[in-house]
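A.B. asks: got a predicted structure plus its sequence, pasted below:
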Amino acid sequence: MNTHGSEVKVFARTRPTANFAQDLIEYLPDGQTVNVRLKKDSRKGIVNNQLNSWSFRLDRVLHDVSQEEVYSSVARSVVLGALDGYNGTVMCFGQTGAGKTYTMTGATESYKERGIIPRAIQEVFREVERRSDHIITVRLSFLEIYNETLLDLLSSVKDTPTGAPAVMSIVDEGGGGVTVKGLSMHLVHNEEEALNLLFEGEMNRIIGAHTLNRNSSRSHCIFTVHIESHSRTLSDAKYVTSKLNLVDLAGSERLGKTGSEGQILIETMYINKSLSFLEQAILALADRRRDHVPFRQSKLTHALKDSLGGNCNTVLVANVYGEVAQIEETLSTLRFASRMKCVRTEPAVNEHVDPVIQIKKLQKEIQLLKQELSIRDTLANRTGMSYGALTETQVAEIQSQVLRYFDGTLDEINIVSIRQVKEVFVQFKLALQQREQKIKADMIQNFALAEKTQSTQSAANAKGPNGMVGEIDGPSFGVGMAPPLEKNSRLQSPHRSKTKKGKDINRKEGAGSPAQVKEEPAVSSTSRINPLLVSQKDIDGQEPEMLSQDSQGPPAGDRENFRADSPPPKAAAFEDFKAERGSEINRILKENKAVLVERRRRLRELTDGVNAAKREIDRTGAELQQRREQSQRHGRFVSADGEPVLEEAELALLLRLQELKGQYRQQYKELRGTKAEVSYCEHLVDQCRTRLLSEFESWYNESFLIPEETQAILRSGDPAIQPGHIPMAKALALEEDDQEHFEHLRSELLKSPGAISYFNAHDRTLQRRNYTRTSTQKLQQKRSSEDNGRTKLPAILSVT
Ligand SMILES: Nc1ncnc2c1ncn2[C@@H]1O[C@H](COP(=O)(O)OP(=O)(O)OP(=O)(O)O)[C@@H](O)[C@H]1O
C-alpha cells in the first residue's frame, strides 16, 4: 500500500448473473474500465434509439474473480498497513443484492467463499505470529447503524463490561479521530476467538432483524479491528496503534422501483438519506477547495469520519449487479465510485509515546550522563562535585557567598555547576529585593514625619475658612509637584515670600494648633521626597534662589521661638541650619568647593599642556629621525680630523627635543601634584558635605523631635517632673554630646582655635537662651490652662 499521499483505491466487483446486460455494460480488457450505455429517456418510457454512454475508470474491475483474489487485490495491503500503524478502511457500496455482504463476510458455510473480514482476521493473526519482535494486541468491535440508531452487535458477549447494552454515541477525539462511546471492545488472542465474535455479531444482526421485524440487509455494519503494537526488541517508548474498519453498507434502492411501503419504506428512506450524506461527504473530501466536510449529518458519516480519506488507507468496493433491470443502480454505484476515487488520503502512522517507558528511559539516560560527568570530573581533578538538587546547606552557602560578594568581602564566586549558577542568580535576586525593601522601609521611616505634617496641613486646609485648600502642595506624600501657580508666584516675588514668612512666624508664635502650619510655605515635591537630595542640590549651588524660597522656615533669629507641636519642614529647617548653626561648616564647604573648582581648572590646563608637549615631542622626534635618515642617504659630514659632525638643523632639533622633554617632565610632575590636590580637595568637600548633613540631621532630630530618653523620663512618672519641663541638667547634657561633636568637627575643619572658641561660646549662649525661653513658654501655657479650669498637656514636648 502506498503510504504517501494518494487517492482512495476503488474497485468494482460484479455479481455473477446469467442475465448480464451485455448490450449496456462492457468490461474492457484493461481490467480497469467499465463502459455503460443507456438509452436516452428510457426511464420516461419514450422510445428513443439514441444512447448515452459513460466510461468509468477504476483501479480494477473484479469480474468473475474468486474471494481469495478479491481479498488479495482489495484488502491485503490495507490489513498489513494496519499492523504497521496505519488506519485502514475497506468499504462495500452498492445496490441491494449486488454482493456486498458476500464480498465482506462471504458465505459463512463455505471456507473457500469466506469474505474479506475472515481473511483479514486470519492475516492479522498470521502477522502477529510472524512479527514475534512485537507485542501486538488485537481488539474487536462490531457496530450496526440501523435507521440512525447505533447498535452493538457484540453486546451479548460475556466480557462486555456492563452486561446490558450501553447507550452509545459517537465522540470526536483530538486529531480528527472519532470513537463510539459505549461500544464494547473485545480483546482477542487468536483467529478463532476473533471469528467467534464475527459470527456472534452476524448472528445478532439476524436475530435482531427477526425480533424487530426488520430486514437484516437494511443496516450499515462496521467491523473494526483495533491493533496496538509495541516493539519487544527496542526499549522504545514509542508504540503504534491503528483501526481497521471493514464496512458493509446497506444497499441503496429506488423507492418507486419496488413500491416499498411501511417499515421497508422507512428503512429505505433512512438508507438513501445516509448514503446521500455519505456521497456529500465524499464530494466535499474530493473537492480540495472545501475546508469543511459535513461528517456529522448522519451517524454513518460521523462514525466513518476518520475512515474516509484523512490519514487512512481507504478502499472502496463498488458492488454491481449487471442485469438490465439494475442498470440505473449500476450507473449510480459507478458514479459514486468514480467520485470516491477523487478523494485524496495522507496515510500516516499513529505513533504514541508510552509515558511509563519514556520516564524509565530518561531516568536511565540521566544515570548514564551522571556517570559520564563523574568520569570527566575525575579526569579534570574536580572533586566533590554533585549534580543532584542542591541541599539546604548548599543553598545557604551560596546565599552567604552572594551576600559577601555584595558587601565586597568576597572577590568572586567560583562557578562549579549550572545548578549552582542558577541558584546564584536566584540569591542575587533575593538579596536585591531585600535591599530594595529595606531602603523603602528606611525612606518611609525617615519621611513619616513629613507625611504627618502634610496630613495635618491637609486637615487644616480642609477646615480652613478662607479657601486655603490647594495652596499648599498636594496632600500625597512623595508624589506630584507643587501647583505651578504657587511655585511661580514664589519665584517671581521674593518680597511676597518674605511677608508670608513673617505672617507664618506670627501664627506659630500665637499657638501650637494645627492651623499654624496651614499657611506655611509649601516645600517643593523633591524636597518632600528626599530632603537630602535638596540639600545636595543646594550644596552644589544648583538652585539657590528657588530653594531658599521654597524652603522657607522661621528666620534664624527666631529659631528659639519655633517650638511648635509639629516640626518644620526639613528643607526649610536645613536653610536655617546653614544660615545659623551650620553656617561655619557651610562656609568651609563652600570655600573648599571653590578651591576644588580652581584646582580642577588647573588640572585641566596642565593636562592640556602635558598632552601638547607630548605631541610636540613626537613631532620633533619624527622630524629629527627624518633628517638623520636623509643625511644617512647623502653621506655624513666629517671634521678635518675625520670625526662625524652634526648638521646645524639636526643639532637645533636635538636641542629643541631636549628642551621639550624637560618641559614635559616639569609639567608632568606638576600635573601629578595637582591631581593629588584635586583628590584631596574632593575628599574634603565630601567630608564637609557629609558632616553638614549629619550635623543637620542630629540637630533637627534633637531640636524638633522628642528624644527617646526624654520620653523615658516622662514615662517614668516621676512626680518631680512636670509635663513640659525637662531637667536643665538633662537638657544640657543632651546638648553637650552634640556640641562636642560639632566642636570636634569645627576644630578639624577650621584649624583656627580662636574661631572655635568663639563659635562654641556663641552656640552655648544660644542654647541656654532657647531652653529658658521654651520652658517659660510651656510654664505660661500650663498656668493659663490651669487658670481656665482644666489641665491641657502639650501635644509634643520640645527640648532645645
Ligand atoms: N460474487 C458472487 N459470487 C457468488 N455469489 C454471489 C456473489 N455476489 C453475490 N452473490 C450472492 O448474491 C446474493 C446477494 O448477495 P449479498 O447478500 O451479498 O448482497 P448485498 O449487496 O449484501 O445485499 P443487501 O444490500 O440486501 O444486503 C447472495 O446469495 C450471494 O451469495
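C.D. replies: Received it, and whenever you're ready, just let me know what you need. Numbers count the residues shown, from 1 in each chain.
A.B. asks: doesn't residue 670 lie inside a strand?
C.D. replies: No. Remark: residue 670 does not belong to a strand; assigned using DSSP: H, G, I helix; E, B strand; the rest coil, it is helix.
A.B. asks: in a helix, that's where residue 112 is, yeah?
C.D. replies: No. Assigned with three-state DSSP, residue 112 falls outside any helix and is coil.
A.B. asks: isn't it right up against residue 118?
C.D. replies: No. Taking Cβ atoms under 8 Å as the definition, residue 112 is not a contact partner of residue 118, at 11.2 Å. Placement of C-beta: from N, CA and C, glycine included.
A.B. asks: neighbour count: those two, which is higher?
C.D. replies: residue 118 (21 against 9; other Cβ atoms under 10 Å).
A.B. asks: quick check: closest non-adjacent residue to the more buried one.
C.D. replies: Leaving aside its chain neighbours, residue 118 sits nearest to residue 195 (6.0 Å; criterion: Cβ to Cβ, 6 or more residues apart in numbering).
A.B. asks: what residues does the helix or strand containing that neighbour touch?
C.D. replies: If you go by DSSP states H and E, residue 195 is part of helix 191-211. Residues outside helix 191-211 that contact it (Cβ atoms under 8 Å, 6 or more residues apart in numbering) are 105, 108, 117-118, 121-122, 124-125, 138, 140, 142, 144, 146, 151, 153-157, 186, 188, 214-216, 219, 221, 223, 225.
A.B. asks: C-terminal to it, what's the next element?
C.D. replies: Counting by DSSP H and E, what follows helix 191-211 is strand 220-231.
A.B. asks: that following strand pairs with which strands, parallel or anti?
C.D. replies: strand 134-146 (antiparallel), strand 238-248 (antiparallel) (DSSP bridges).
A.B. asks: what angle do that strand and helix 191-211 make?
C.D. replies: Inter-element angle recorded for strand 220-231 and helix 191-211: 160 degrees (by axes from the mean of the first three to the mean of the last three Cα atoms, to 10 degrees).
A.B. asks: with only the CA atoms kept, save strand 220-231 in PDB.
C.D. replies: Extracted C-alpha coordinates of strand 220-231, given in PDB (Å, rounded to 0.1, in the frame of the first residue of the first chain):
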ATOM      1  CA  HIS A 220     -24.800  -0.500   7.800                       C
ATOM      2  CA  CYS A 221     -22.200  -2.600   9.600                       C
ATOM      3  CA  ILE A 222     -18.800  -1.600  10.700                       C
ATOM      4  CA  PHE A 223     -16.500  -4.400  11.900                       C
ATOM      5  CA  THR A 224     -13.400  -2.900  13.400                       C
ATOM      6  CA  VAL A 225     -10.100  -4.500  14.300                       C
ATOM      7  CA  HIS A 226      -8.200  -2.300  16.800                       C
ATOM      8  CA  ILE A 227      -4.500  -3.000  16.800                       C
ATOM      9  CA  GLU A 228      -1.700  -1.900  19.200                       C
ATOM     10  CA  SER A 229       1.900  -2.800  18.500                       C
ATOM     11  CA  HIS A 230       4.800  -2.400  20.900                       C
ATOM     12  CA  SER A 231       8.300  -3.500  19.900                       C
END
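A.B. asks: is the ligand contacted by that strand?
C.D. replies: No. Judged by Cβ under 6 Å from any ligand atom, strand 220-231 stays clear of the ligand, getting no closer than 9.5 Å.
A.B. asks: buried set for that strand?
C.D. replies: By neighbour count on 16 or more other Cβ atoms under 10 Å, the buried set for strand 220-231 is 220, 221, 222, 223, 224, 225, 226, 227, 228, 229, 230.
A.B. asks: quick one: residues contacting the first one.
C.D. replies: Read that as residue 220. Here residue 220 is in contact with 144, 145, 146, 247, 248, 249, 250, 274, 300 (criterion: Cβ under 8 Å, 6+ apart).
A.B. asks: for the ligand, tell me which of the residues you listed show up nearby.
C.D. replies: Among those, proximity to the ligand is found for residue 250 (Cβ under 6 Å from any ligand atom).
A.B. asks: and the least confident of the contacts of residue 220?
C.D. replies: Within the contacts of residue 220, pLDDT reaches its minimum at residue 274, with 83.
A.B. asks: contact partners for it?
C.D. replies: 145, 148, 220, 250, 298, 299, 300, 301.
A.B. asks: what helix or strand does it sit in?
C.D. replies: helix 262-286.
A.B. asks: now the angle from that helix to strand 134-146?
C.D. replies: 130 degrees.
A.B. asks: which other helices and strands does the following helix or strand past helix 262-286 contact?
C.D. replies: The C-terminal neighbour of helix 262-286 among helices and strands, as given by DSSP H and E, is helix 299-303. Other elements packing on helix 299-303 under the criterion 3 or more Cβ pairs under 8 Å, 6 or more residues apart in numbering; DSSP states H and E are strand 134-146, strand 149-152, strand 169-172, strand 178-181, helix 262-286.
A.B. asks: out of those, which one sits most buried?
C.D. replies: strand 134-146 (a mean of 21; mean count of other Cβ atoms under 10 Å).
A.B. asks: with just CA atoms, put it into CSV.
C.D. replies: Coordinates of the C-alpha atoms in strand 134-146 are reproduced here as CSV (Å, rounded to 0.1, in the frame of the first residue of the first chain):
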residue,chain,number,x,y,z
HIS,A,134,6.4,-7.1,18.6
ILE,A,135,3.7,-7.4,21.2
ILE,A,136,0.6,-6.9,19.2
THR,A,137,-2.7,-6.5,20.9
VAL,A,138,-5.9,-7.1,18.9
ARG,A,139,-9.4,-5.9,20.0
LEU,A,140,-12.6,-6.1,18.1
SER,A,141,-15.8,-4.1,17.9
PHE,A,142,-18.9,-4.6,15.7
LEU,A,143,-21.2,-1.7,15.2
GLU,A,144,-24.5,-1.6,13.4
ILE,A,145,-26.3,1.5,12.3
TYR,A,146,-30.0,0.9,11.6
